[in-house]
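In: Coordinates for the following, if possible.
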Amino acid sequence: MEKLKILIIGGTGFLGSPLVAKLHEKGHQIRVLSRGGSKKNVIHKNIEYIKADVSNTQILSRAIDGIDYIYYFASTTNPKRSEDDLIFDLSSNLIPVINVLHQCVNKKIKKIIFCSSGGSVYGNQGKNPISETSYCEPVSSYGLVKLTIENYIKYFNYRYDLNYEILRLSNPYGANQLTDGTFGIIPSYINAVTNNKIVNIYGDGKIVRDYIHIDDFISLNLKLLTTNKKNNILNVGTGIGTSINQLIQKIELHSGKKAKVQYLPKRKFDVSINYLDIKKVKEIYGWQPKIFLDDGLKSYIKSL
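Out: Below is the predicted model:
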């Protein structure tokens, strides 16, 4: 494989740090722009780390100098936090991406890979699994901002021929994920069950989600560098739906502990049923997930 110069924006977070490690293993020249990241995440030698907010345009410009590919994995909110402060969600996520897109054009970047949200951009669909051709109608600010970013990326492709891949990611989980519920319920639920804490479930537990292991997500991102394919919107998940109640049962099974469940009122920004049709990414990139939920949960709990 050709050795590339790659910038990972958000490269010390849950999604970015394992990608940095894998790209480093393959001998690529890596630069990371990040506000910080989990203390558990390894800082690798021979990688340039720039600690700054992506909204800092001067630092951003220097960070993109000489780069071939950009992965944009940074996000300042989750669905709940986006509802708490709409202005912050918009200003801290949309505006910085537009600055990045301008820099990509100015510096002739080969491709930008943006991590969107397959769990929120579609809203409540009448049919599942959900394909990329489904009409998007987000029910949260989080999903609305992600969809708006997607549209700006397509606009920059139309206007300036900027190449892209948009990854509509389902619900990722795996090692080094924060357990406070900031991003993803699996680590927070496992933490609660294994430590005999209360598991808070919003609604009746029948909400359905598609859970993908972080290793499978990273394996796809490596494939994105190996071909000249471009300008795709891709669902990235397993294509399998699991309800919250079923998830709790699986955690109980693999941890050997009983969950202390507390049901709370349903939140309006929670999509009822969401699992993704992944035929397109299979056809274009020959990728498919290899780690399914039971095995992923088992290894996650064993690693604690």
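
In: Could you use CA atoms for every contact and neighbour count after this?
Out: Noted.

In: pLDDT-wise, which helix or strand of the chain ranks last?
Out: Lowest by mean pLDDT, DSSP states H and E among the helices and strands of the chain is helix 79-84, with a mean of 91.

In: Just checking the distance from it to the centre of its chain.
Out: Distance of helix 79-84 from its chain centroid, counting by C-alpha atoms, centre = their mean, to the nearest Å, is 16 Å.

In: which residues of the stretch 201-304 of the chain fall in strands?
Out: Using DSSP state E, counting those that start in this stretch, the strands of the stretch 201-304 of the chain run over 208-209, 211-213, 232-236, 242-243, 260-264.

In: I would like the residues contacting the least confident helix or strand of the chain, please.
Out: 88-89, 140-143, 269 (C-alpha atoms under 8 Å, 6 or more residues apart in numbering).

In: List the buried residues in it.
Out: The neighbour-count check on helix 79-84 (16 or more other C-alpha atoms under 10 Å) flags 79, 82-83 as buried.

In: Relative to C115, which of the residues you listed is nearest.
Out: Closest approach to C115 among the buried residues of helix 79-84 (C-alpha to C-alpha): P79, at 15.0 Å.

In: roughly how far apart are that closest one and Y275?
Out: 17 Å (C-alpha to C-alpha, to the nearest Å).

In: if we can go back for a sec, okay, the contacts of helix 79-84 in TSV with secondary structure next?
Out: Below are the contacts of helix 79-84 laid out as TSV (DSSP: H, G, I helix; E, B strand; the rest coil):
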residue	secondary structure
F88	helix
D89	helix
S140	coil
S141	helix
Y142	helix
G143	helix
F269	coil
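
In: from these, which single one is nearest S170?
Out: Taking these together and measuring to S170 by C-alpha to C-alpha, the closest member is G143, at 12.1 Å.

In: Now which of the contacts of helix 79-84 would you call buried?
Out: Buried members of the contacts of helix 79-84, scored by 16+ other C-alpha under 10 Å, are 89, 140-143, 269.

In: How about residues contacting stretch 22-35?
Out: Here stretch 22-35 has contacts from 3-12, 20, 47-54, 63, 74, 222, using C-alpha under 8 Å, 6+ apart.

In: for the record, mean pLDDT for it?
Out: Averaging pLDDT along stretch 22-35 gives 94.

In: Stretch 64-72 too?
Out: pLDDT averaged over stretch 64-72 gives 97.

In: repeat for stretch 280-292
Out: The average pLDDT for stretch 280-292 rounds to 97.

In: same question, stretch 211-230
Out: On average, stretch 211-230 scores 95.

In: Could you tell me the end-to-end distance of that stretch?
Out: One end of stretch 211-230 sits 25 Å from the other (C-alpha to C-alpha).

In: Please compute how far that stretch lies from its chain's middle.
Out: Put simply, stretch 211-230 sits 12 Å off its chain's centre (C-alpha atoms, centre = their mean).

In: residues in contact with it?
Out: Here stretch 211-230 makes contact (C-alpha under 8 Å, 6+ apart) with 1, 15, 18-19, 23, 111, 163-165, 170-175, 236-238, 240-242, 284-285, 287-293, 296.

In: Can you tell me which of these are buried?
Out: Counted by 16+ other C-alpha under 10 Å, the contacts of stretch 211-230 give 15, 18-19, 23, 111, 163-165, 170-175, 236-238, 240-242, 287-289, 293, 296 as buried.

In: Which helix or strand lies directly C-terminal to the host helix or strand of I87?
Out: Taking DSSP states H and E as the definition, one finds I87 inside helix 86-89. Per DSSP H and E, the first helix or strand lying C-terminal to helix 86-89 is helix 95-106.

In: Neighbouring strands - and their directions - for whichever helix or strand comes after that following helix?
Out: Next helix or strand after helix 95-106 toward the C-terminus (DSSP H and E): strand 111-117. According to DSSP bridges, strand 111-117 forms sheet pairs with strand 69-72 (parallel), strand 164-169 (parallel).

In: buried sites along the shortest one?
Out: Same thing as strand 69-72. For strand 69-72, the neighbour count (16+ other C-alpha under 10 Å) marks 69-72 as buried.

In: No more questions from me, cheers.
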